[in-house]
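J.: Have a look at this fold, sequence not included:
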């Protein structure tokens, strides 16, 4: 089992930045693939960014060039740096961990955090 705790969400104006953190309970966190998902009201949960076991990162087209996922293995923490935020980025953001090598869909992730709200005002 891996417990994940997100932090860093909040209210920001369009064009601003936020950095989300996801702290994991296990020191073996580095052996998991990690993803950041988001879910806006009335919409499906979507993958925003992933850091896979083989070190490859993957981003949704809507956030490429604006968001960066990174991992600090010493701190068992994964970050999502979000720059040039837009109102359409407003959602609850979830951190998730997977035992798969390159998980894409939400169903391929085994452990989830509780989510953190990000609200971008226009």
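T.: Yep, it's here. From a predicted model like this one, the values you see are computed outputs, not experimental measurements. Numbering: from 1, shown residues only.
J.: buried sites along stretch 90-103?
T.: Across stretch 90-103, burial judged by 16 or more other Cβ atoms under 10 Å covers 90, 91, 92, 93, 94, 95, 96, 97, 98, 103. To be clear about C-beta, it is placed using only N, CA and C from the backbone, and glycine gets the same treatment.
J.: how far does that stretch stretch from start to finish?
T.: The distance separating the two terminal residues of stretch 90-103, taken as Cα to Cα, to the nearest Å, comes to 24 Å.
J.: and which of the buried residues of stretch 90-103 is nearest to residue 44?
T.: residue 91 (10.9 Å; Cβ to Cβ).
J.: For residue 28, state which of the buried residues of stretch 90-103 is nearest.
T.: Compare each of the buried residues of stretch 90-103 with residue 28 using Cβ to Cβ and the shortest gap goes to residue 97, at 10.3 Å.
J.: re earlier: now pLDDT too, for the buried residues of stretch 90-103, in JSON lines please.
T.: Putting the buried residues of stretch 90-103 into JSON lines (pLDDT from 0 to 100) gives the following:
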{"residue": "90", "pLDDT": "98"}
{"residue": "91", "pLDDT": "98"}
{"residue": "92", "pLDDT": "98"}
{"residue": "93", "pLDDT": "98"}
{"residue": "94", "pLDDT": "98"}
{"residue": "95", "pLDDT": "97"}
{"residue": "96", "pLDDT": "96"}
{"residue": "97", "pLDDT": "95"}
{"residue": "98", "pLDDT": "95"}
{"residue": "103", "pLDDT": "91"}
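J.: Show me what stretch 21-28 is in contact with.
T.: Outside of stretch 21-28, the residues that reach it under the criterion Cβ atoms under 8 Å, 6 or more residues apart in numbering are 1-8, 32, 34, 36, 75-80, 95, 97, 113.
J.: No further queries at this time; thank you.
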